[in-house]
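Turn this into a model:
(chains A, B, C and D)
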Protein chains: 2
Amino acid sequence: MTGTPSPAPLESASKERLRLWLRLLKASRAIETKLRENFKADFETTLPRFDVLAALSRYEEGLKMSQISGVLRVSNGNVTGIVDRLADEGLLVRVPVPGDRRASLVRLTQRGKEEFACQAEAHEGWISEMLTGFDARTARDFADDLQSLERSFSKAEEGEADV
Amino acid sequence: MTGTPSPAPLESASKERLRLWLRLLKASRAIETKLRENFKADFETTLPRFDVLAALSRYEEGLKMSQISGVLRVSNGNVTGIVDRLADEGLLVRVPVPGDRRASLVRLTQRGKEEFACQAEAHEGWISEMLTGFDARTARDFADDLQSLERSFSKAEEGEADV
DNA sequence: CTTAAATACTTCAAGCATAAAATATTTGTG
DNA sequence: CACAAATATTTTATGCTTGAAGTATTTAAG
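Numbers count the residues shown, from 1 in each chain, chains lettered A, B, ... in the order given. Here you go, the predicted model:
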């Protein structure tokens, strides 16, 4: 990456960072919007539902509700409704946890696994189309840059932890 | 940017693009979450409300409802509720458009302008803190990379327009 | 064993988001 | 002018999202 430097003169670090954030947000919203449309049109589903299936697909044994919200980094109450609807449709089940009647383990059903496999394949295809301009090497480098951005962010977060 | 190449071997372009997207999403969600918390804590407001004020602040004459949704790229009906609440609080007003009784122009009030100025300053500060790891040059280059990602995306969108 | 604290989860209220339907007004055509 | 089509906006239904309050159960302390 890092293409040709912009002709426009650099502004303050603060302004350039703001510009970076606005671009990041714009790009990710554009992709997200397109994904949402595709999920709706092709599978009559949503991104959050796909996210839950994706999380579960990585854990054959299942996940507790709080683990799902932990993995997806969303609030606890949020997951309840999404799992409710997916359970109604038979894509997953709540299994009681022996020895703890508060909790339940959420597991994909066979149908859930098959449905997710379809969706995941389509998902990867959509993303690949949208990012056609990036070859494997460029995508990897860019992804690494993003990770460094995230590290910068996390470090800033820690810094304020002890207020 | 483009730091040291990852030691892990490159996978297919499709996989690498997927990874890129997941990183992009993760980074932008992390920042967005933090921003939401800050807006709530410091100004008792939300990101969408800030976005509307920001859009209006760039147009002294005001914007019609449909122009707001166009600029922010959100649905029409969405803006109605947000503008309603901001109007209730006296941060903006709906002004009738002479000669077209369907439409109205939405304009910031003096209070709205002052409130937005405060929020915008804080916003820039928060972003700058979160992205401390990026100096002006690096941020600019990264922003340019993101723009090229967006161009790649838009081109992919066009391509399917004539189906 | 009893009770307070912690844990797991659900429910609730408020707001954001979309798409689609409904309303009101304006514009274009004959 | 009449009236269909287009335009501007609001309303509605549905779902995601959070944070806070509520319920049930388990764990820890005395």
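
Where do the helices of chain A begin and end?
A:13-43, A:47-57, A:65-72, A:76-88, A:110-130, A:136-161 (DSSP state H).

can you list these in JSON lines and add mean pLDDT?
Below are the helices of chain A laid out as JSON lines (pLDDT from 0 to 100):
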{"stretch": "helix A:13-43", "mean pLDDT": "94"}
{"stretch": "helix A:47-57", "mean pLDDT": "98"}
{"stretch": "helix A:65-72", "mean pLDDT": "97"}
{"stretch": "helix A:76-88", "mean pLDDT": "97"}
{"stretch": "helix A:110-130", "mean pLDDT": "96"}
{"stretch": "helix A:136-161", "mean pLDDT": "78"}
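
would you turn these into JSON lines with mean neighbour count?
Bear in mind the C-beta positions are built from the backbone N, C-alpha and C, glycine included. JSON lines is the format used below for these (neighbours: other Cβ atoms under 10 Å in any protein chain shown):
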{"stretch": "helix A:13-43", "mean neighbour count": "18"}
{"stretch": "helix A:47-57", "mean neighbour count": "19"}
{"stretch": "helix A:65-72", "mean neighbour count": "17"}
{"stretch": "helix A:76-88", "mean neighbour count": "15"}
{"stretch": "helix A:110-130", "mean neighbour count": "17"}
{"stretch": "helix A:136-161", "mean neighbour count": "17"}
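
Let me have those in TSV, extended by distance to residue B:42.
Listed next are these as TSV, based on distance: least, Cβ to Cβ, whole Å:
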stretch	distance to residue B:42
helix A:13-43	17
helix A:47-57	28
helix A:65-72	26
helix A:76-88	24
helix A:110-130	35
helix A:136-161	13
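
So which of those is nearest chain B?
Chain B lies closest to helix A:136-161 among the helices of chain A, at 2.8 Å (Cβ to the nearest Cβ).

just checking, what packs against the longest strand anywhere in chain A?
Identified as the longest strand of chain A according to DSSP state E is strand A:100-108. Under the contact definition 3 or more Cβ pairs under 8 Å, 6 or more residues apart in numbering or on different chains; DSSP states H and E, strand A:100-108 sits against helix A:47-57, strand A:63-64, helix A:65-72, strand A:92-97.

Which residues does that strand contact?
Strand A:100-108 has contacts (Cβ atoms under 8 Å, 6 or more residues apart in numbering or on different chains) with A:53, A:56-57, A:61-66, A:68, A:83, A:91-97, A:116.

Spatially, what comes nearest to the most centrally placed residue in chain A if we skip its sequence neighbours?
Most central in chain A under Cα atoms, centre = their mean is residue A:51, positioned 6.3 Å from the mean C-alpha point. Closest residue to residue A:51 apart from its sequence neighbours, by Cβ to Cβ, 6 or more residues apart in numbering or on different chains: residue A:72 at 5.5 Å.

contacting residues around the one you found?
Residues counted as contacts of residue A:72 (Cβ under 8 Å, 6+ apart) are A:51, A:52, A:55, A:79.

May I have the residues that are in contact with residue A:126?
A:34, A:35, A:38.

so how far is DNA strand C from the last one?
Same thing as residue A:38. Using Cβ to the nearest atom of the strand, to the nearest Å, residue A:38 is found at 11 Å from DNA strand C.

do the second one as well
Counting by Cβ to the nearest atom of the strand, the separation of residue A:35 from DNA strand C is 12 Å.

Fine by me, thanks again.
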